[in-house]
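Visitor: Here is a sequence together with a model predicted from it:
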Amino acid sequence: MRLMLIFALYLCTALHTSLFCQSNCVVCIDGGGSKTLLQVIDNQGKVLSLNWDGITTEKIEAAGSNVNDIGKEGVRTTLQSLFNDVQINNQNLSLILPDCKVIACFAGISAPQSRAMVTSLLEENGIRKEKLTLLTDAEAALELITDTGAILIAGTGSVCMGKKDQTMFRVGGLGKIIGDEGSGYLIGLQEEYGWGKPSSLTQALKGLYGVTDLKSLIRPINLGEMPAAKIAVAAPIVFEKAFDENDAVAKLIINTAAADLRDLLDKMVTMANLSHCEI
């Protein structure tokens, strides 16, 4: 979410115009595979307090919103829960949205049809298209690079993007079926199947998913009934077992993921001919 706040402020300068000329706030939305976050800043860049479900907070969190993973209806449900019953300065956020500038970054909207779908869903919630700046999470992060450099994102999914002489480059970001190397999703998938060393992950993952046999998860995973976010929640457990309990299998999984991420960045540096640059 800090990225979204920084980017909102950066965009004000980059566009050489005020985003606040017709409203008192900017709504910042960060939509990932595992969660979606919302913050609001005023015309001085200060994060505003929100009232949600009787709780005062600086950010609202809802479920994931990658349209390629949960579909249009899933994103619609997430956005509804993100905006419903939220108040800012004793006013309902849904009433303020049409007049606010909205900067929204979502994973999974690089394809035009996916971007159009998310745009229409945001409009359903009262956001005007002319007030909306919609970017992929990678595009937003890349804006933080000045002239030349690269960004590497490893969340529920993964992607590497680079910039040189105003030319954009991309490696990865192909989704959970043919991509997402080194991501939380793939870390969550690589539990031992009984072909290798015993691992403390087995019981931990059985407890996480409420099953007596991890093999029972194969069918729902392959049928797409388990979204990437639900698999990716296993990643923190893998790190815990690797570093707190010195589990060899967990360490192997993390080392494999790190090597995959290194390869994404290596391909980017080679393809874009980058050197001595921001990463």
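Guide: Good, I have the coordinates.

Visitor: For S49, give me the backbone phi and psi.
Guide: Reported as degrees, to the nearest 10, the phi and psi values for S49 are phi -80, psi 140.

Visitor: Oops, could you answer that again for A140 instead?
Guide: When read as degrees, to the nearest 10, the backbone of A140 gives phi -60, psi -50.

Visitor: shouldn't it be in contact with C105?
Guide: Yes: contact between A140 and C105 holds when scored by CB atoms under 8 Å: they sit 4.1 Å apart. Every residue, glycine included, has its C-beta placed from N, CA and C.

Visitor: count of residues packed around E245?
Guide: E245: 13 surrounding residues under other CB atoms under 10 Å.

Visitor: now swap in K215 and tell me
Guide: 10.

Visitor: Skipping adjacent residues, who's closest to V40 in space?
Guide: L48 (4.6 Å; CB to CB, 6 or more residues apart in numbering).

Visitor: For the stretch 101-250 of the chain, which segments count as helices?
Guide: 112-124, 137-142, 175-178, 184-189, 201-209, 218-222, 228-232, 235-243, 248-271 (DSSP state H, counting those that start in this stretch).

Visitor: Ok, which of the ones you listed comes nearest G162?
Guide: Closest to G162 of these is helix 248-271 (CB to CB; 4.7 Å).

Visitor: Quick one: list the elements packing against the closest one.
Guide: Identification of packing neighbours for helix 248-271 by 3 or more CB pairs under 8 Å, 6 or more residues apart in numbering; DSSP states H and E yields strand 149-154, strand 158-164, strand 167-172, helix 184-189, helix 235-243.

Visitor: Pull out the CA atoms of the strand or helix carrying L79 and give them to me as CSV.
Guide: Element membership of L79, judged by DSSP states H and E, is helix 67-83. Taking Å, rounded to 0.1, in the frame of the first residue of the first chain, the C-alpha atoms of helix 67-83 are listed here in CSV:
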residue,chain,number,x,y,z
VAL,A,67,-9.8,-10.9,-12.5
ASN,A,68,-7.9,-13.8,-14.2
ASP,A,69,-8.0,-15.8,-11.0
ILE,A,70,-11.5,-15.1,-9.6
GLY,A,71,-13.4,-13.8,-12.6
LYS,A,72,-15.6,-10.8,-13.1
GLU,A,73,-18.1,-11.7,-10.3
GLY,A,74,-15.3,-12.3,-7.9
VAL,A,75,-13.8,-8.9,-8.5
ARG,A,76,-17.3,-7.4,-8.2
THR,A,77,-17.7,-8.9,-4.8
THR,A,78,-14.3,-7.7,-3.7
LEU,A,79,-15.0,-4.1,-4.8
GLN,A,80,-18.4,-4.1,-3.1
SER,A,81,-16.9,-5.2,0.2
LEU,A,82,-14.0,-2.6,-0.3
PHE,A,83,-16.4,0.3,-0.7
